[in-house]
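Q: Structural data only, the sequence is not supplied:
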């Protein structure tokens, strides 16, 4: 089964040599699931011809905001709608979560409550999962038909299911402690010092990345023929 990975941004240069790009992190998270992968750097205006180029799709994170005037964003939103209409599974994480919500009629803002960085607990109904976060932007209005499947006190819409074939997640199951450390070192200039200090202190905390990766894989596998 081929998973198409759409990259609307690149990992920081300072960590990419050791940890790879965002697509590499997802390939490691989803390893052992009998998937093959192909990636398109949509941030560089490199797009697939359409939904049929993969069996299922995944949109990664990005340092960009979905409300910013990037020339590639309208095309990505249109591709989101095409994938949804095709019935193929689509998963979005962080920026991916936000751009899917926006493309389908929701609203995303720079959250007035500030940042979430490092390990956070999320209520998924059947379990509480600890996952790394790194964001200020949030989905603040749901797209039509969205069902909230995870939240916490800071992030009301932390994970969504939309229709039969869309799963979106605000935190980062692909981010290891090493990645959070790299973000602290190289992309934390706008994050309050107290949050940075707590995230650094929590770097050794256990996360449930593998469990959420398994859930993502099960969702993506719905596209297998």
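A: Nice, thanks for sending it over. Note that the structure is predicted; figures quoted are calculated from it, not measured. Numbers count the residues shown, from 1 in each chain.

Q: alpha carbons only for contacts and neighbour counts from here, please
A: Fine.

Q: after the longest helix that the chain contains comes which helix or strand?
A: Ranked by residue count and defined by DSSP state H, the top helix of the chain is helix 73-86. Downstream of helix 73-86, the first helix or strand assigned by DSSP states H and E is strand 90-93.

Q: List the strands paired with that next one, with their directions.
A: Within its sheet, and counting by DSSP bridges, strand 90-93 is paired with strand 56-59 (parallel), strand 166-169 (parallel).

Q: residues of the first one that come out buried?
A: What it means is strand 56-59. Buried residues in strand 56-59, counted by 16 or more other C-alpha atoms under 10 Å: 56-59.

Q: Go ahead and confirm residue 202 touches residue 120.
A: No - at 9.8 Å, residue 202 and residue 120 do not qualify as touching, with contact defined as C-alpha atoms under 8 Å.

Q: So for those two, which sits in the more crowded spot?
A: residue 120 (19 against 15; other C-alpha atoms under 10 Å).

Q: The more buried one bridge partners, please.
A: In beta-bridge terms (that is, DSSP bridges), residue 120 pairs with residue 131.

Q: which residues of the protein fall in strands?
A: 2-6, 36-40, 56-59, 90-93, 107-110, 116-123, 128-135, 137-141, 146-150, 159-162, 166-169 (DSSP state E).

Q: What ranges in this structure fall below the confidence cut-off?
A: 223-225 (pLDDT under 70).

Q: Which residue is the nearest non-sequential neighbour of the residue sitting nearest the centre point of it?
A: When C-alpha atoms, centre = their mean is applied to the chain, the residue found nearest the centroid is residue 93 (1.2 Å). If the residues on either side of it in the chain are set aside, residue 93 comes closest to residue 169, at 4.8 Å by C-alpha to C-alpha, 6 or more residues apart in numbering.

Q: That neighbour against residue 90, yeah?
A: No - contact criterion C-alpha under 8 Å: residue 169 and residue 90 do not qualify, at 11.2 Å.

Q: Around the nearest residue to residue 143 once chain neighbours are set aside, how many other residues sit close by?
A: Distances taken as C-alpha to C-alpha, 6+ apart put residue 106 closest to residue 143, at 3.9 Å, once the chain neighbours are dropped. For residue 106, the number of neighbouring residues by other C-alpha under 10 Å comes to 17.

Q: give the contact list for residue 106.
A: When contacts are counted by C-alpha atoms under 8 Å, 6 or more residues apart in numbering, residue 106 touches 139-144.

Q: again, only using 7 Å
A: The contact partners of residue 106, taken as C-alpha atoms under 7 Å, 6 or more residues apart in numbering, are 141-143.
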